[in-house]
Structure formats: C-alpha cells, structure tokens
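A.B. asks: Need a 3D model of the sequence below.
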Amino acid sequence: MERGNIPVFTVTAETIPQAYEKTLKMVWEKGAPIRTEYDRPDDPPSRDATVMVCVNQPFGQPRFHRSFADGLGGLAEYVMEVVHGAHDYWVKPVEEILKAQQSKDTRWTYTYHQRLFEYRIEDQIVNQIDAMIGKLSERGFTRRAQAITWNPKLDPPTDDPPCLQRIWGRLCDGGKGGLVFNMNTHWRSRDLFKAWFENVIALTTLMRKIADRLAEAIGQQVQLGRYVDISDSLHIYGSYFREIEGDPEKGVQTFFEKIESRSFEERTWDSVFIKPFFIDDGVGKGLKPMLAREVDMPENVRKAIEEELRLMESESYTV
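C.D. replies: Numbers count the residues shown, from 1 in each chain. Take a look at the predicted model:
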C-alpha cells in the first residue's frame, strides 16, 4: 500500500464473533494512522481502513462476543432503538437541528430507526423499509430495494451525523429451501472497538424482521442469507490504545493476548444464554426495565416492544 492511501480489506467469517475478532486484528495490525475530529491532544492517531465484512450466518451460534462496550441489557435496549424506534422521541425538532451548535436543545439529531422508517422530505414522511419490502415483494431480484439515512440539509452542520448511510437488500432463489434474503449495510464511519459489534447485532435483527415481513407478504418461506457490512472508515481510536496494548511492565496482557488465552467458547455467548439478560439484566437495563423506566415512550412503540418481549419469553425465539 502506497503512503497516503487508505488500506482496503475484506473479511469473511461464518459468525459475528468470528468476524469481529478477525476484523479487529486486521485493522489493528494493518490500519493506517489517521487523525480524527474526536482526538484529545495526547491521543495517538487512530488505526483506520476501508473494510468490507461478510458474515455468512448472521444468526449462527455463538452469536455474541463477550468483549463489547455496553452491558447485555443495554445492548437489548439499543436493538429496540434501531428495530422499533424506542428512542425516536428523544430526537429534537427540525428547527433546533438546523441551528446546529447554536441550539441549546441537547436531544439527539437522529436515530437510525427514524431515518429508515420515517424519513422526512420537507412535509412528507417516507417509510423506506416498507418501500423496500414492497419492491422485493414484487420482484425479489430488484437492485432498487434500499433505504438511506443521510439528510443533506440536516446532517452536514451537526457534530454527530449518522454513521450508517444505507441499507440494501435482495431476494435470491435458495432452491428447495425457498427464498433467501441477503442484506448489505454501508457506513461512512465506524468505531470498530466499541460500536461495530452492537451495530451488527441490531442491524441483523432488523434484517430478520424484514425477512419475516417479506415471507408474510409473498406467502413463501424466506431464509436469512449472508450479511455484508461495508465501512468507508473503520477505525480504532487512539484513546483506546491503552486498553488494547495492555501494560507489559505491570503484567497486563494485550487485548489479543487475553483473547488467545481463552477458547472461542470462553470468549463468546450463545443466544440461549443471552436471552434472560435481554429481558432483564438485573441492573436496570433490558426490555422489562426499559418499559417500566421510560414512561414517556409513545404508545405504539411501547406496544411493539411489549410484543418483542412476549416473543422473547418464548423458548423458540432467538435474540
């Protein structure tokens, strides 16, 4: 790779935890040193690359890696945020978003769910996921089934514009197994060490929801195919380097030494183990605590999460 060029990598794995580990190692060892807008004065440059990750079995087990930033109940709430719009009501009005730094309103400028399911074009609201499902129901092979998040009027002035840019999906003939739904997500920027894993759990859950709705719409079985995740800038922030490098003088292992010192089973969890913590993690997070805590949640969203909780409490449901 010539100096000045951002490296480009492709990673393929069967499951999400395998993909996470392989991608972390690749970017850590071969990523380019590039500064970010979030660096503190003494932070080293991030490690950065353009990366395409293919997960062949997005719900393959074990599905969860034990090393991620949030707790299990917090991850469950994030999934509800992306899939059901649990925190769309936290987004501030358009007029406040347009004020950018001048606004004193500290609420969010977007959620992925809001942009995907309620994309605003002036006075019109577009449900892009419904449109995707409609397109694919008519012609599963269409190349036009997509949903975007970027708003060229609202996002450029803000300090924290959406990382996810686009979702694209396609139905393929799986032979005797019926139809197979493949999905790609495209990201302008991505925190690999502390956001990628949670993003992928949420987006593959949304992928399954789309596949289920497609099956209902066309009256045929729809299986999940591969999930592809494309990031223009997949990076490990310099502020995380201490966590990854460890401290040999104090006998603190590096992140990768810690991983390699345990078996794959010891550094992952399967969905059966995770599910009770998604329901209630015992420390105030999860679907039950979320519903009890967020009294201002809109009623239609509350009903969607209550239904998710009902499904989750059944033995057959996989988180």
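
A.B. asks: CA only for contacts and neighbour counts going forward, please
C.D. replies: Fine.

A.B. asks: low-confidence ranges in the stretch 101-250 of the chain?
C.D. replies: The model of the stretch 101-250 of the chain has no residue with pLDDT under 70.

A.B. asks: Tell me where it has strands.
C.D. replies: Under the criterion DSSP state E, counting those that start in this stretch, the stretch 101-250 of the chain carries strands at the ranges 119-121, 124-126, 146-148, 164-173, 179-187, 190-191, 222-236.

A.B. asks: Listing partners with orientation, what would you give for the longest one?
C.D. replies: Strand 222-236 has the following sheet partners, assigned by DSSP bridges: strand 46-55 (antiparallel), strand 179-187 (parallel), strand 190-191 (parallel).

A.B. asks: what residues does the longest one touch?
C.D. replies: Which is strand 46-55. 6-16, 19, 23, 27-28, 30-36, 226-238 (CA atoms under 8 Å, 6 or more residues apart in numbering).

A.B. asks: What subset of these is buried?
C.D. replies: By neighbour count, with 16 or more other CA atoms under 10 Å, the contacts of strand 46-55 hold 6-8, 11-16, 19, 23, 27-28, 30-34, 226-238 as buried.

A.B. asks: among the strands paired with strand 222-236, which is the most enclosed?
C.D. replies: For the strands paired with strand 222-236, the largest average neighbour count (mean count of other CA atoms under 10 Å) is found in strand 46-55, namely a mean of 23.

A.B. asks: Heading C-terminal from it, find the next helix or strand.
C.D. replies: strand 64-65 (DSSP states H and E).

A.B. asks: partner strands of that following strand, parallel or antiparallel?
C.D. replies: strand 268-269 (antiparallel).

A.B. asks: I'd like the next helix or strand past the partner strand.
C.D. replies: helix 271-279.

A.B. asks: Name the surrounding residues that touch that following helix.
C.D. replies: Contact with helix 271-279 is made by 61-64, 72-73, 75-77, 286-288, 309, 312-313, 318-319, as judged by CA under 8 Å, 6+ apart.

A.B. asks: Out of the residues you listed, list just those in strands.
C.D. replies: Per DSSP state E, strands hold the following members of these: residue 64.

A.B. asks: For the nearest residue to residue 173 once chain neighbours are set aside, list the residues it contacts.
C.D. replies: Closest residue to residue 173 apart from its sequence neighbours, by CA to CA, 6 or more residues apart in numbering: residue 179 at 4.8 Å. The neighbours of residue 179, taking CA under 8 Å, 6+ apart as the test, are 171-173, 220-223.

A.B. asks: Out of those residues, which end up buried?
C.D. replies: For the contacts of residue 179, buried by 16+ other CA under 10 Å: 171-172, 222-223.

A.B. asks: and those residues as a markdown table, adding distance to residue 250?
C.D. replies: Output for the buried ones among the contacts of residue 179, formatted as a markdown table (distance: CA to CA, whole Å):
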| residue | distance to residue 250 |
| --- | --- |
| 171 | 53 |
| 172 | 54 |
| 222 | 53 |
| 223 | 50 |
